[in-house]
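Q: Below are the sequence and a predicted model; questions follow.
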Amino acid sequence: MKGLGKVVLVLGGYVVALAVAAVAVALWHEQTSRADPQASAGMYAFGEFLFFFQVFGLMALVPTGFGLYFLRPFERFWTALSVASLAIAATSPVAVLLVALGRAARVESGLGTIVGGFGILRLIPAPGLTVAFAVFAAFAPGRRPRRALLVATGLEAVACVYDVVGMLMMRGS
């Protein structure tokens, strides 16, 4: 397959992923009772956005895998991707620390709420980043980029586990 065919295949896969996500949200929206969304329209809209993003992300794994496979011969790309992934993943322990400090602070403390809030904002994309870094590592052609991407995956996975355990503990109390 030539270069243009590869680009069309990958971009076409993303268009299909967008279409599937849009249809999934439309079906979900049709199944929702009309009274609830009117009472809290913003929350329902955000929920639909998150649902769209999750379905698109899942469906986009296929064209992303093709794209990464096609990029295997380009060593500079993999070096840059592994360095960028490590830089992003290095912020997850900081986020865990911020959330821990926020949870340790008194609930009434404004500073504790702010500090914990910034940490939570960083932990929101951690599950998606964990999957992304793992997929990158699976396609990495060399040992060095693969190792760096696995370290990035591990850092994000630890942040995910901390976040889930913290939410379960808060729910139980």
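A: Yep, that arrived.
Q: wait, doesn't Phe136 sit right on Leu149?
A: Yes. Between Phe136 and Leu149 there is a contact under C-beta atoms under 8 Å: 4.8 Å. For the C-beta atoms, the positions are set from N, CA and C on the backbone; glycine is no exception.
Q: Spit out the residues that contact those two alike.
A: Common contacts of Phe136 and Leu149, defined by C-beta atoms under 8 Å, 6 or more residues apart in numbering, comprise 81-82, 85.
Q: So which of those sit within helices?
A: Judged by DSSP state H, helices contain the following of those: 81-82, 85.
Q: and of those residues, the nearest to Val131?
A: Nearest to Val131 out of these is Ser85 (C-beta to C-beta; 12.3 Å).
Q: Enumerate every residue touching the closest one.
A: Neighbour list for Ser85: 133, 136, 148-149, 152 [criterion: C-beta under 8 Å, 6+ apart].
Q: at 10 Å what do you get?
A: By C-beta atoms under 10 Å, 6 or more residues apart in numbering, the contact set of Ser85 is 129, 132-133, 136-137, 145, 148-153, 155-156.
Q: what's the burial count for the nearest residue to it once chain neighbours are set aside?
A: Among residues not flanking Ser85 along the chain, Ala152 sits closest, at 4.1 Å (C-beta to C-beta, 6 or more residues apart in numbering). Using other C-beta atoms under 10 Å, Ala152 has 28 neighbouring residues.
Q: and what of Val62?
A: Counted by other C-beta under 10 Å, the residues lying close to Val62 total 14.
Q: show me what contacts it?
A: 10, 13-14, 16-17.
Q: Pick the one among these closest to Met170.
A: Closest approach between the contacts of Val62 and Met170, by C-beta to C-beta: Ala17, at 33.7 Å.
Q: I'd guessed that closest one sits against Gly65; true?
A: No. Ala17 is beyond contact range of Gly65, at 11.9 Å (criterion: C-beta atoms under 10 Å).
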